[in-house]
Structures are given as structure tokens and as C-alpha cells.
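# the following block contains a protein sequence and its predicted model.
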Amino acid sequence: MNPIKIVYDFAFPDGASKAYTVELDRATLSYHSSATEQPPAWARLANHQCGHCPLEPEEHPYCPVATNLSSLVEFFKDKA
């Protein structure tokens with residue numbers, strides 16, 4: 001089944017522009033991460049686990065939310 005694609009177009013004051021695409025599973029609306037490499041160290045669950053998080057670092061070494069956001073952070077790292 002084809003994913004739902006949402007394209008965000010960003011225009012910056014310096015004239016630069018970037019497009020960021022988010023893909024969702026059409027049936028479940030689950031996020032499809034475009035990251036193919038290992039998540040960054042700051043995304044490790046043991047680094048700063050939320051108090052209400054039910055995951056165990058031994059079973060889930062990386063926070064799923066931080067992992068999904070890592071590609072977005074990397075995409076915009078030069079726009080600080």
C-alpha cells in the first residue's frame with residue numbers, strides 16, 4: 001500500500017529553502033522513518049528517559065521518539 005506523504009516546505013530569511021517529507025503508513029498512520037543509520041548517542045533511552053516511559057533500555061536502547069526526530073534535527077542542523 002502506498003504511504004501517505006506530507007511535504008513541508010520551509011523558506012528562510014536568508015533565501016534558502018528546504019523541503020522535508022514525512023511518510024505515514026496508510027492503514028495505521030505509523031511514522032515511516034527515513035533514517036538508515038544508527039541513531040545518534042543523544043537518542044539513547046538511558047541518556048534521558050522520560051519518567052512515564054515504559055520501555056527498558058536493555059530491550060530498547062534508543063528512544064523511538066528521539067530516533068524519529070533525529071533525522072529532522074540532522075536535516076535542520078545548519079539553520080540554528
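On my side now, so go ahead.

# which helices and strands sit right next to the helix or strand bottoming out on mean pLDDT in the chain?
Sorting the helices and strands of the chain by mean pLDDT, DSSP states H and E puts strand 31-32 at the bottom, at a mean of 82. Applying 3 or more C-beta pairs under 8 Å, 6 or more residues apart in numbering; DSSP states H and E, one finds that strand 31-32 makes contact with strand 17-24. In short, each C-beta sits where N, CA and C put it, glycine included.

# parallel or antiparallel, which strands does the strand it packs on pair with?
Using DSSP bridges, strand 17-24 pairs in its sheet with strand 4-11 (antiparallel), strand 31-32 (antiparallel).

# what's the shortest one in contact with?
Counting contacts by C-beta atoms under 8 Å, 6 or more residues apart in numbering, the residues outside strand 31-32 that touch it are Pro3, Val22, Glu23, Leu24, Asp25, Asn68.

# wait, isn't the fourth one in contact with Ile6?
Meaning Leu24. Yes - shown here, Leu24 and Ile6 form a contact pair, counting by C-beta atoms under 8 Å, at 7.3 Å.

# who has more neighbours out of those two?
Leu24 (14 against 10; other C-beta atoms under 10 Å).

# beta partners for that one?
Beta-bridge partners of Leu24, as defined by DSSP bridges: Ile4, Tyr31.

# count of residues packed around the residue nearest to Phe76 when sequence neighbours are not counted?
The shortest distance from Phe76 to any non-neighbouring residue, by C-beta to C-beta, 6 or more residues apart in numbering, is to Lys18 (7.4 Å). Other residues within reach of Lys18, judged by other C-beta under 10 Å, total 13.

# could you measure from the closest residue in space to Glu74 that isn't next to it in sequence over to Ala16?
Distances taken as C-beta to C-beta, 6+ apart place Pro40 nearest to Glu74, at 7.9 Å, with adjacent residues excluded. Using C-beta to C-beta, to the nearest Å, Pro40 is found at 24 Å from Ala16.

# between the two, which one's more packed in?
A direct count of neighbours by other C-beta under 10 Å for Pro40 and Ala16 places Pro40 higher, at 15 against 10.
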